[in-house]
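A.B. asks: this one's structure only:
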């Protein structure tokens, strides 16, 4: 099954036209014809089954034949992750975390961050492609980039953790997570969080955690944290 995406679709819609790029992909690349069926999502939890009415490469029209609302999970996985020096590594994290089940992503700028300019539009496209690939009806939310100190001040999540390497006696993430409750996890840059950032986070209610014995890259740590959380809720 292949899933298409359009954020403008509403649950009440009965007719829809794809833009030129999607129309060309459907008609020329996938060779879909009039009468063929497609599945579309708006990324907000609704799956639409549609029948092709016109196989025009510039404007493929479909009729919505069935609408299914997919309930959201009981919990949310929110990772606040510092951008990596090499942009492709962060993009890899976005793709894999989306496939695993992440619900919200916030790029955070830390004291040791080497990359501070983020291309959110490109990140959105990567998330959308990964969500379609993994057949997700609920697409992850990508938040604007924010400085670490500002992010810490404005968070209210009850389960909040900071993963870092400056201590060796903190509990493992898997031993602290309460299933079916939303989770927020902070992942630092290549040089890790500073001691001041860790102290600030702990003073704001974040608990220090480890993700295993090995020292992980930023993007790997983020994917591992996402996977651990998802497994704890399986």
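C.D. replies: Noted; the coordinates are in hand. Computed from a predicted model, the values in this text were never measured in an experiment.
A.B. asks: from here on, just use CA atoms for contacts and neighbour counts.
C.D. replies: OK.
A.B. asks: pop the domain breakdown of this structure in here.
C.D. replies: 3-69, 77-232 (automatic domain parsing).
A.B. asks: okay, those in CSV with mean pLDDT and mean neighbour count next?
C.D. replies: CSV is the format used below for the domains of the chain (pLDDT from 0 to 100; neighbours: other CA atoms under 10 Å):
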stretch, mean pLDDT, mean neighbour count
domain 3-69, 92, 17
domain 77-232, 95, 18
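A.B. asks: all helices for this protein, in order.
C.D. replies: With helices called from DSSP state H, the chain shows them at 20-24, 87-100, 120-133, 148-153, 195-203, 218-232.
A.B. asks: what packs against the fourth one?
C.D. replies: In terms of contact count using 3 or more CA pairs under 8 Å, 6 or more residues apart in numbering; DSSP states H and E, helix 148-153 is assigned the packing partners strand 104-109, helix 195-203.
A.B. asks: likewise for the second one?
C.D. replies: Judged by 3+ CA pairs under 8 Å, 6+ apart, the packing partners of helix 87-100 are helix 120-133, helix 218-232.
A.B. asks: spatially central residue for the chain, please.
C.D. replies: Centroid check for the chain by CA atoms, centre = their mean gives residue 140 as the closest residue, at 3.8 Å.
A.B. asks: ok, now which ones touch that residue?
C.D. replies: 98, 102-105, 127, 131 (CA atoms under 8 Å, 6 or more residues apart in numbering).
A.B. asks: can you pick out the most distant pair from these?
C.D. replies: 105 and 131 (13.7 Å; CA to CA).
A.B. asks: which residues touch residue 138?
C.D. replies: 43-46, 72.
A.B. asks: please tabulate those in JSON lines, including the columns distance to residue 117.
C.D. replies: Conversion of these to JSON lines gives the following (distance: CA to CA, whole Å):
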{"residue": "43", "distance to residue 117": "26"}
{"residue": "44", "distance to residue 117": "28"}
{"residue": "45", "distance to residue 117": "31"}
{"residue": "46", "distance to residue 117": "33"}
{"residue": "72", "distance to residue 117": "32"}
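A.B. asks: could you tell me which of the residues you listed are located in strands?
C.D. replies: Those of the contacts of residue 138 mapping onto strands are residue 46, per DSSP state E.
A.B. asks: now, which of the contacts of residue 138 sits nearest residue 119?
C.D. replies: Among those, and counting by CA to CA, the member closest to residue 119 is residue 43, at 20.6 Å.
A.B. asks: now that closest one: how far from residue 139?
C.D. replies: As judged by CA to CA, to the nearest Å, residue 43 and residue 139 stand 5 Å apart.
A.B. asks: what of residue 37?
C.D. replies: Residue 37 is 22 Å from residue 139, by CA to CA.
A.B. asks: would you confirm that residue 146 contacts residue 105?
C.D. replies: No. If you go by CA atoms under 8 Å, residue 146 and residue 105 don't touch, sitting 11.3 Å apart.
A.B. asks: one step back: will you turn the helices of the chain into a markdown table that also has distance to residue 174?
C.D. replies: Below are these laid out as a markdown table (distance: least, CA to CA, whole Å):
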| stretch | distance to residue 174 |
| --- | --- |
| helix 20-24 | 41 |
| helix 87-100 | 16 |
| helix 120-133 | 25 |
| helix 148-153 | 22 |
| helix 195-203 | 19 |
| helix 218-232 | 6 |
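A.B. asks: of all these, which one comes closest to residue 114?
C.D. replies: Using CA to CA, these put helix 87-100 closest to residue 114, at 10.7 Å.
A.B. asks: just the angle for the closest one relative to helix 218-232, thanks.
C.D. replies: 10 degrees (axes from the mean of the first three to the mean of the last three CA atoms, to 10 degrees).
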